[in-house]
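Student: predicted model and sequence follow; I will ask about them next.
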Amino acid sequence: MIVGFFVWRTAGILYFRRFVAWETASRRGLNYYGKPLAEREKFKKKLKQNAFFLFPVVSFEAKLQQSGKAKPFIPSITYEGVTGPSYSCTAESFREAAKYHPTAEDIFVSTQMKCGTTWMQQVVYEILSRGNRDLSDKGHVHMYAARRWIRFQ
């Protein structure tokens, strides 16, 4: 029984790490927003399917972590006291962000999470381009392709 539990837990953690690596690579740069809507919908469906299998593993690990009986199983890096998930951040991306110096032409869009960040970015993008950009799926030109974003380095 105990051996089966450890096999289940180990398999779950390995599956989670593999899934996170795939999901991160699939969203990096224009790997997501550069695709047509149908392909993005297919990706979202795959995320939901995996969530069904990952939920028990993640829930169990979260409870263990909260109780202090387990270390976090999401690999992380720390750069000058700031910690980030290593599946989406690197020491190099932190160094690049630390070297960044804003200019008078820079625009920052900052919103509370889950409160319309993408919508606000779209509004700013449309204002800057005077509404002349082709943002259709056929054009594959999206606001994320317009400039380099610190968040996506």
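Tutor: Looks like it arrived, so ask away.
Student: elements contacting the longest helix along the chain?
Tutor: Ranked by number of residues, the top helix in the chain under DSSP state H is helix 37-67. For helix 37-67, the helices and strands in contact under the criterion 3 or more CB pairs under 8 Å, 6 or more residues apart in numbering; DSSP states H and E are helix 2-27. The C-beta positions use only the backbone N, C-alpha and C, and glycine is treated the same way.
Student: how about the helix it packs on: buried residues?
Tutor: Buried positions in helix 2-27, judged by neighbour count with 16 or more other CB atoms under 10 Å: 9, 12, 13, 16, 19, 20, 23.
Student: wait, which of these is closest to residue 84?
Tutor: Distance to residue 84 across the buried residues of helix 2-27 (CB to CB) is lowest for residue 20, with 13.3 Å.
Student: quick one: pLDDT of that closest one?
Tutor: Per-residue pLDDT puts residue 20 at 79.
Student: how about low-confidence regions in the chain?
Tutor: Scanning the chain for pLDDT under 70 picks out 29, 72-75, 87-88, 133-153.
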